[in-house]
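Engineer: With the input below, show me the fold.
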Amino acid sequence: MSAVRIGTRASTLALTQTGHVADDLARLGGLTTELVHVRTDGDRLTGSLASLGGTGVFVTTLRDALLDGRCDVAVHSLKDLPTTPAPGLTIAAVPVRQDPRDALCARDGLTLRELPPGALVGTGSPRRAAQLLAARPDLVVVDIRGNVDTRLGRVAGAEHGPGDLDAVVLARAGLARLDRLDAVTEALDPATMLPAPGQGALAVEVRTADLADPTHPLAAALAALDHTPTRLAVVAERALLARLEAGCAAPVGALARVEGATIDLSAAVARTDGTQTLRHGLTVTRRVAWEQADEPPSAAEAAVLTAVDESTARAAGADLADLLLELGAADLAPLGPAA
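Structural biologist: Presented below is the predicted three-dimensional model:
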């Protein structure tokens, strides 16, 4: 087949992530690839994500490029994808997830506990800001935007940039992909800061029609690239987000882990000022009865029968969201259609 055109934003992080996917498609399917740079509204416009209309500002233009044939594949940071499906498009692969934790990058090697009272900490995320203030109400959170280098340049002692902050919080996964883990002074425990739903994972999206033939080289390579435990974990996290009807302005964190027949999901909803946080978890084990009375299943058959599937993961996310709503989540954060 001709070269597979992969649409990507032109930021260093986006190009690096897309490059990894391109390498995987070449390795798994022997495909030739080329990158197509697409400039999104999130790249053009300034201001907070909430004021620009949410994380979808990084996605819509890429999806348009897919639908009108300018590219064959689009690579997204999964946490940027709206939870509403896009007609005509399918997330064909979710590769192995990077460490989903948030990372503190502070001056002088400081941890969150060691930052002095009144320290200035930069983030553009209401979720991170709320959880920072919940853990350390004596900090001053500063709203920032920009690429990874721009944000790291805000930390005092940085070689380039104003160095006007004591620390910034970024996704550890992005720093790992850019080989910038040297900037991390603490990977924040999810018990302190739950990541955004889908954080650390990538979504590889294609036109649904292009998956009609599963033996096609692109479809086969994407199927090989897909990592089932990661996909199921993010399905649960995004189902929770969808049921809460939470946008980027809502401080909602979620993290799922899937192992065999069990899915563990934790979530938190907070007031934007960090003064109150609602946190809960849910563990679901999928059990399927073996109905053949003549002999029990083999170990392999039992594993297949009881493995978590997308339906189980989606139900776990919805159930935990319903529990959070029953406990008053909507009183803490902007949830619902008007959010």
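Engineer: how about low-confidence regions in the stretch 51-200 of the chain?
Structural biologist: Low-confidence segments of the stretch 51-200 of the chain (pLDDT under 70): 51-57.
Engineer: That one: helices as residue ranges?
Structural biologist: With DSSP state H, counting those that start in this stretch as the definition, the stretch 51-200 of the chain shows helices at residue ranges 60-67, 126-135, 148-152, 172-177.
Engineer: winner for burial among the ones you listed?
Structural biologist: helix 126-135 (a mean of 24; mean count of other Cβ atoms under 10 Å). Using the backbone N, CA and C atoms, a C-beta is placed for each residue, glycine as well.
Engineer: by contact count, what packs against it?
Structural biologist: Of the remaining helices and strands, those touching helix 126-135 by 3 or more Cβ pairs under 8 Å, 6 or more residues apart in numbering; DSSP states H and E are strand 120-123, strand 140-143, strand 252-259, strand 262-270, strand 277-285.
Engineer: So in that sheet, which strands flank the fourth one, and in what orientation?
Structural biologist: Taking DSSP bridges as the criterion, strand 262-270 pairs within the sheet with strand 252-259 (antiparallel), strand 277-285 (antiparallel).
Engineer: Return the set of buried residues in the first one.
Structural biologist: Taking 16 or more other Cβ atoms under 10 Å as the basis for neighbour counts, the residues of strand 252-259 that come out buried are 252, 253, 254, 255, 256, 258.
Engineer: okay if I get those residues as TSV plus pLDDT and distance to residue 318?
Structural biologist: Shown next, in TSV, are the buried residues of strand 252-259 (pLDDT from 0 to 100; distance: Cβ to Cβ, whole Å):
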residue	pLDDT	distance to residue 318
252	97	14
253	97	17
254	98	12
255	98	16
256	98	13
258	94	16
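Engineer: farthest pair in the residues you listed?
Structural biologist: The widest separation within the buried residues of strand 252-259, taken as Cβ to Cβ, falls between 252 and 258 and amounts to 20.0 Å.
Engineer: Tell me how many other residues crowd the closest residue to residue 160 other than its chain neighbours.
Structural biologist: Closest residue to residue 160 apart from its sequence neighbours, by Cβ to Cβ, 6 or more residues apart in numbering: residue 153 at 5.1 Å. For residue 153, the tally of surrounding residues (other Cβ atoms under 10 Å) stands at 18.
Engineer: which phi and psi does residue 153 have?
Structural biologist: Geometry field for residue 153 lists phi and psi as phi -70, psi -10, criterion degrees, to the nearest 10.
Engineer: Am I right that it is in contact with residue 164?
Structural biologist: No. With contacts counted by Cβ atoms under 8 Å, residue 153 stays clear of residue 164, the gap being 9.4 Å.
Engineer: Could you give the average pLDDT over stretch 3-14?
Structural biologist: Confidence for stretch 3-14, expressed as mean pLDDT, is 93.
Engineer: Please identify the buried residues of that stretch?
Structural biologist: For stretch 3-14, a neighbour-count test (16+ other Cβ under 10 Å) marks 4, 5, 6, 7, 8, 9, 11, 13, 14 as buried.
Engineer: so can I have a markdown table of those residues showing distance to residue 138 and secondary structure?
Structural biologist: Supplementary listing: these in a markdown table, determined by distance: Cβ to Cβ, whole Å; DSSP: H, G, I helix; E, B strand; the rest coil:
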| residue | distance to residue 138 | secondary structure |
| --- | --- | --- |
| 4 | 51 | strand |
| 5 | 50 | strand |
| 6 | 45 | strand |
| 7 | 44 | strand |
| 8 | 40 | strand |
| 9 | 36 | coil |
| 11 | 33 | coil |
| 13 | 31 | helix |
| 14 | 35 | helix |
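Engineer: In JSON lines: those residues, plus distance to residue 240.
Structural biologist: Supplementary listing: the buried residues of stretch 3-14 in JSON lines, determined by distance: Cβ to Cβ, whole Å:
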{"residue": "4", "distance to residue 240": "33"}
{"residue": "5", "distance to residue 240": "34"}
{"residue": "6", "distance to residue 240": "30"}
{"residue": "7", "distance to residue 240": "28"}
{"residue": "8", "distance to residue 240": "28"}
{"residue": "9", "distance to residue 240": "26"}
{"residue": "11", "distance to residue 240": "28"}
{"residue": "13", "distance to residue 240": "26"}
{"residue": "14", "distance to residue 240": "26"}
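Engineer: Now distance to residue 179 too, for the helices and strands packed on helix 126-135, in a markdown table please.
Structural biologist: Shown next, in a markdown table, are those (distance: least, Cβ to Cβ, whole Å):
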| stretch | distance to residue 179 |
| --- | --- |
| strand 120-123 | 22 |
| strand 140-143 | 26 |
| strand 252-259 | 24 |
| strand 262-270 | 29 |
| strand 277-285 | 33 |
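Engineer: my guess is residue 126 contacts residue 250, does it?
Structural biologist: Yes. Using Cβ under 8 Å, residue 126 makes contact with residue 250 at a distance of 7.1 Å.
Engineer: so what's the residue lying closest to residue 267 once chain neighbours are set aside up against?
Structural biologist: The spatially closest residue to residue 267, leaving aside those adjacent along the chain, is residue 254, at 4.3 Å (Cβ to Cβ, 6+ apart). Residues in contact with residue 254, defined by Cβ atoms under 8 Å, 6 or more residues apart in numbering, are 194-197, 236-237, 240-241, 265-268, 317.
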